[in-house]
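> Quick one, structure for this:
(4 chains)
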Number of protein chains: 2
Amino acid sequence: MTKEPPRKTIYRLSIYQRCLSRLRANSVDTVSSEALAKAAGVKPTQLRKDLAYFGQFGTRGIGYSVSMLSNFLDDVLGTTKLQPVILIGVGNLGAALLRYDGFRKEGFEITAAFDLAPESANARNVPFAIRAAKEMPVYVREHHVKMAILAIPSNSAQSVVNEAVDAGIQAILNFSPTVLQVPSHVIVNSVDLAVELENLSYFIR
Amino acid sequence: MTKEPPRKTIYRLSIYQRCLSRLRANSVDTVSSEALAKAAGVKPTQLRKDLAYFGQFGTRGIGYSVSMLSNFLDDVLGTTKLQPVILIGVGNLGAALLRYDGFRKEGFEITAAFDLAPESANARNVPFAIRAAKEMPVYVREHHVKMAILAIPSNSAQSVVNEAVDAGIQAILNFSPTVLQVPSHVIVNSVDLAVELENLSYFIR
DNA sequence: TCGTGTGAAGACGTTCACAGCT
DNA sequence: AGCTGTGAACGTCTTCACACGA
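Reported below is the predicted structural model:
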């Protein structure tokens, strides 16, 4: 067996996916690594190396079949069927994520949302019944949910994560500005708005 | 002169910063690379190497002065004074960002928000007057704004970015699921929610 | 002795150059 | 001829090991 693909490769796979679906919408059925790479903002060799982790998909002299490659990426990324996701924390950001309709067409569905104060969260006119935070572990266990989006303040983040992980959550998209401690079988992707802005700030001269 | 610090180092600097301010709040005035690294979720040597790009800050046998290091990082990251930022696109996500109060205490202030349909955006009861998108370039020029947060649909993203860059924007935090083309002096950090979720999805087995 | 600072080694990811298939 | 697939070279970031100063 070849080596595990690096994390960066997986990120790029998602980008390729998106470019492919745009091509498919335009009824293009074959694409070269050069064209696809350009659309994705990477070098052609990088694209080919990324795909090489998973096998051979192209035809030499021709390129890649848009639909075949797209289907394969769906398969690799696990987006062939709707994946249930729970949202923890329905504040400003959480409420916006609930209303965001982009997830579903990417293969994800927020099936439940939890907040410490469900009543006040419900007031944010979200199209959704918000549940009490205490019910979260039970829900996760009952519905075998594996993914969670975390949009709560830093101070309570770690303890909520512990509960979620105990209940069976395996992957967390974290918007709290905190470094989370999780067991090695759990994966965390953090989106830290302040860090992103500070990073930009550094680079402007 | 030593080499340019890598981008990842700059990201970590922000994390160190946050840990330091927590320490400062707890009246801790000295910290070892081991303790700080642990809080930041990295290895001690990594922290020391990161700092080494900028000089020497510690005292051997003792550690680092929390306040000195924190001030220095403020300086490096350019967060010593409030940096004005504009928001482009006041939809679900944009409105949530407007209401988010975390930016200000990290040294950033959203000074203006723009939308194609300011009236309907105003209806999202944000504590803010939304301006027409057309006014954006003028505002950027007049106020010498360098940073922009982009929260608009993909299809219009590139053309809006072009206008913004022409007007003088140098750094963009992009929430649109698109690969943006910008001149090399402009820096883009993209936060792509679908990509983050797909990435998580890949890793759950 | 304790903890920083740093050259050297190592791991990792990207790019090159070209072989090989259609 | 055209474009993919891939070993090898390269560059970059991380980790190690230890010298050095308080």
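> Contacts only, for the residue nearest to the spatial centre of chain A.
Nearest to the geometric centre of chain A sits residue A:173, at 7.1 Å (Cα atoms, centre = their mean). By Cβ atoms under 8 Å, 6 or more residues apart in numbering or on different chains, residue A:173 lies in contact with A:147-150, A:189, A:191, B:193, B:196-197, B:200. (C-beta placed from N, C-alpha, C; glycine too.)
> On the three-state scheme, it is what?
Classification of residue A:173 using DSSP: H, G, I helix; E, B strand; the rest coil returns strand.
> same deal with residue A:28?
Residue A:28 is classified as coil under three-state DSSP.
> Looking at it now. What's its pLDDT?
We have a pLDDT of 97 for residue A:28.
> If I look at the closest residue to it other than its chain neighbours, what pLDDT would I see?
Once flanking residues are discounted, residue A:28 sits nearest to residue A:66: 5.8 Å by Cβ to Cβ, 6 or more residues apart in numbering or on different chains. With respect to pLDDT, residue A:66 has a value of 98.
> still on that earlier bit, which one of the contacts of residue A:173 is nearest to DNA strand C?
Distance ranking of the contacts of residue A:173 against DNA strand C, using Cβ to the nearest atom of the strand, places residue A:189 first at 15.1 Å.
> Listing partners with orientation, what would you give for the host helix or strand of the closest one?
Per DSSP states H and E: residue A:189 is located in strand A:187-190. Paired with strand A:187-190 in the same sheet, following DSSP bridges, are strand A:171-174 (parallel).
> returning to what we had before: setting the sequence-adjacent residues aside, check what's closest to the residue nearest to the centre of chain A.
residue A:149 (4.7 Å).
> what packs against the lengthiest helix in chain A?
Once chain A is assigned using DSSP state H, the helix that runs over the most residues is helix A:7-25. Helix A:7-25 sits against helix A:33-40, helix A:44-52, helix A:66-77, helix B:193-203, with contacts defined as 3 or more Cβ pairs under 8 Å, 6 or more residues apart in numbering or on different chains; DSSP states H and E.
> Just confirm yes or no for it near DNA strand D.
No: contact of helix A:7-25 with DNA strand D is not found when judged by Cβ under 7 Å from any atom of the strand; the minimum separation is 11.2 Å.
> Next, give phi and psi for the residue of chain A positioned farthest from its centre.
Among residues of chain A, the one most distant from the C-alpha centroid is residue A:61; the distance is 34.3 Å, by Cα atoms, centre = their mean. Note on residue A:61: its backbone torsions stand at phi 90, psi -10 [degrees, to the nearest 10].
> Return the residues in contact with it.
Counting by Cβ under 8 Å, 6+ apart, residue A:61 makes contact with nothing.
> Please apply the same query to residue A:52.
Contacts for residue A:52 (Cβ under 8 Å, 6+ apart) come out as residue A:2.
> Please work out how many residues are found near the nearest residue to residue A:50 once chain neighbours are set aside.
Leaving out its chain neighbours, the residue that sits closest to residue A:50 by Cβ to Cβ, 6+ apart is residue A:9, at 4.7 Å. By other Cβ atoms under 10 Å in any protein chain shown, 18 other residues sit near residue A:9.
> And the one 10 residues further on, by the same measure?
Number of residues near residue A:19 (other Cβ under 10 Å) recorded here: 21.
> Can you list the buried residues in the helix or strand of chain A with the lowest mean pLDDT?
Within chain A, no helix or strand scores below helix A:118-122, which has a mean of 81 by mean pLDDT, DSSP states H and E. By 16 or more other Cβ atoms under 10 Å in any protein chain shown, the buried positions in helix A:118-122 come out as A:118, A:121-122.
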